[in-house]
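Trainee: The following comprises the amino acid sequence and a computationally predicted model.
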Amino acid sequence: MDSRHSGQHDPQSAWPPEHCPPWCARPHSRDDHPEDRLHRSEAVIFPVVTTGDFLSIDRHTGEAQVFITQGVRGDVWVSVLDSDTPAVQLNLTLDSAIGLETALRQSLALAATA
Ligand SMILES: [Zn+2]
């Protein structure tokens, strides 16, 4: 399978890439800064209530988002980002994101028994 059909691209190829993964929603330009040379999906945004410390009574209402990126090396990342606190970000491999999904389902099932 060549790189055009695998959703990955040759890191040695010129930018912008000839093909994007089907989920890429980011426009590309020859003038993109090297750090911006990546594919990125649309963000899935969802409302959240968070706290910095779960023992605290302080709550923050905001938004979080999930999006996919793929850099020039071909690694695909699933990012979970608190929209109001960009420093709070999880960047997960696909396998790790599946592990998070499983852990969330298990934890939510436990919480439902309370
Ligand atoms: Zn792209």
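Mentor: Structure's in. What do you need?

Trainee: any residue of the longest strand along the chain up close to the ion?
Mentor: Scanning the chain for the strand with the most residues, using DSSP state E, yields strand 60-71. No: Strand 60-71 stays clear of the ion (Cβ under 5 Å from the ion), getting no nearer than 7.7 Å. Just so you know, the C-beta spots here come from the backbone N, C-alpha and C atoms, and that holds for glycine as well.

Trainee: Which strands border the helix or strand that comes right after that strand, and is each parallel or antiparallel?
Mentor: Next along the chain after strand 60-71, taking DSSP states H and E as the criterion, comes strand 76-82. Strand 76-82 has its sheet partners listed here by DSSP bridges as strand 60-71 (antiparallel), strand 85-92 (antiparallel).

Trainee: Compare those strands and say which comes out lowest on pLDDT.
Mentor: Among the strands paired with strand 76-82, strand 85-92 carries the lowest mean pLDDT, at a mean of 86.

Trainee: who does the longest helix along the chain touch, helix- and strand-wise?
Mentor: Secondary structure of the chain per DSSP state H: the longest helix is helix 94-112. When contacts are defined as 3 or more Cβ pairs under 8 Å, 6 or more residues apart in numbering; DSSP states H and E, helix 94-112 packs onto strand 76-82.

Trainee: got the strands paired with strand 76-82 as CSV, with mean neighbour count columns?
Mentor: CSV is the format used below for these (neighbours: other Cβ atoms under 10 Å):
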stretch, mean neighbour count
strand 60-71, 16
strand 85-92, 12
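
Trainee: Same list, these, but as TSV with distance to His19 please.
Mentor: TSV is the format used below for these (distance: least, Cβ to Cβ, whole Å):
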stretch	distance to His19
strand 60-71	12
strand 85-92	24
